[in-house]
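**Student:** A predicted structure for the sequence below; I have some questions about it.
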Amino acid sequence: DGGITQSPKYLFRKEGQNVTLSCEQNLNHDAMYWYRQDPGQGLRLIYYSQIVNDFQKGDIAEGYSVSREKKESFPLTVTSAQKNPTAFYLCASATGGEQYFGPGTRLTVT
Amino acid sequence: DAKTTQPTSMDCAEGRAANLPCNHSTISGNEYVYWYRQIHSQGPQYIIHGLKNNETNEMASLIITEDRKSSTLILPHATLRDTAVYYCIVRVDYRSGAGSYQLTFGKGTKLSVIP
């Protein structure tokens, strides 16, 4: 099946630890995105990548880092510098008019 | 960026048409209107998009006013599975190339389909 995979679905970490969220797609899409969603809110763009080895900051990039070494993969690292990391994280990919979203990872930091 | 305004919530009877309005009075001539929906704790699902003309697909119809300052998403026969948050979004292209655009999600409209 073609699609976007995010793992794990739920993730728990202690404060002060870095954590990496996985995002993989087999849709052969060039562009990939990371969004953050807080309860009752819309999605906010963290980082995006249009091609391999290139990525740009979105609206709320502080405390996050990404890499795009392969077309299929766009992992997101939530660093200890992110002040409020607990949130629902969504990855998406696009090749034209539509963005396709993964199922999301719910990160809880205590 | 063009911003959108949507009602916070709406109810619709099962089997009836659901009409979800959206205002985007500052939209530019080359900006598209997109609609997505998000069922609780899942990733958003693409519904439809348009520029100037009305659009229809297997999920919904999109009606855009002639001045492009507002649009309406129509679900012709709402079912309980259509209960979700519906987002109206104006697409902003930041550079040329496939996928090179940003979607800014507001809070959307929470649609509740009532049996």
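**Tutor:** Nice, thanks for sending it over. Residues are numbered from 1 along each chain as shown, chains lettered A, B, ... in the order given.
**Student:** host element of the residue nearest to B:Gly50 when sequence neighbours are not counted?
**Tutor:** Once flanking residues are discounted, B:Gly50 sits nearest to B:Leu62: 4.7 Å by CB to CB, 6 or more residues apart in numbering or on different chains. (Glycine included, C-beta is placed from N, CA and C.) Here B:Leu62 sits within strand B:61-64, counting by DSSP states H and E.
**Student:** Tell me the helices and strands packed up against the longest strand along chain B.
**Tutor:** Criterion DSSP state E: the longest strand present in chain B is strand B:84-93. Under the contact criterion of 3 or more CB pairs under 8 Å, 6 or more residues apart in numbering or on different chains; DSSP states H and E, strand B:84-93 touches strand B:18-23, strand B:33-38, strand B:70-75, strand B:101-103, strand B:109-114.
**Student:** tell me, which of those strands is the model least confident about?
**Tutor:** If you rank the helices and strands packed on strand B:84-93 by mean pLDDT, strand B:101-103 sits at the bottom with a mean of 78.
**Student:** so how far is chain A from the residue nearest to B:Gly50?
**Tutor:** As judged by CB to the nearest CB, to the nearest Å, B:Leu62 and chain A stand 13 Å apart.
**Student:** Please work out how many residues are found near that residue.
**Tutor:** Using other CB atoms under 10 Å in any protein chain shown, B:Leu62 is surrounded by 22 other residues.
**Student:** Show me what A:Ala94 is bridged to.
**Tutor:** Under DSSP bridges, the beta-bridge partners of A:Ala94 are A:Ala31, A:Gln99.
**Student:** center of chain B - which residue?
**Tutor:** Central residue of chain B (CA atoms, centre = their mean): B:Trp35, 2.7 Å from the mean position.
**Student:** Contacts only, for the residue nearest the centre of chain A.
**Tutor:** By CA atoms, centre = their mean, chain A has its centre lying nearest to A:Trp34, at 3.4 Å. If you count contacts by CB atoms under 8 Å, 6 or more residues apart in numbering or on different chains, A:Trp34 has them with A:23, A:45-48, A:58, A:64, A:66, A:74, A:76, A:89-92.
**Student:** From the residues you listed, pick out the ones that also neighbour chain B.
**Tutor:** A:45, A:48, A:58, A:90, A:92 (CB under 8 Å from any CB of the partner chain).
**Student:** I'm done for today, thanks for sticking with me.
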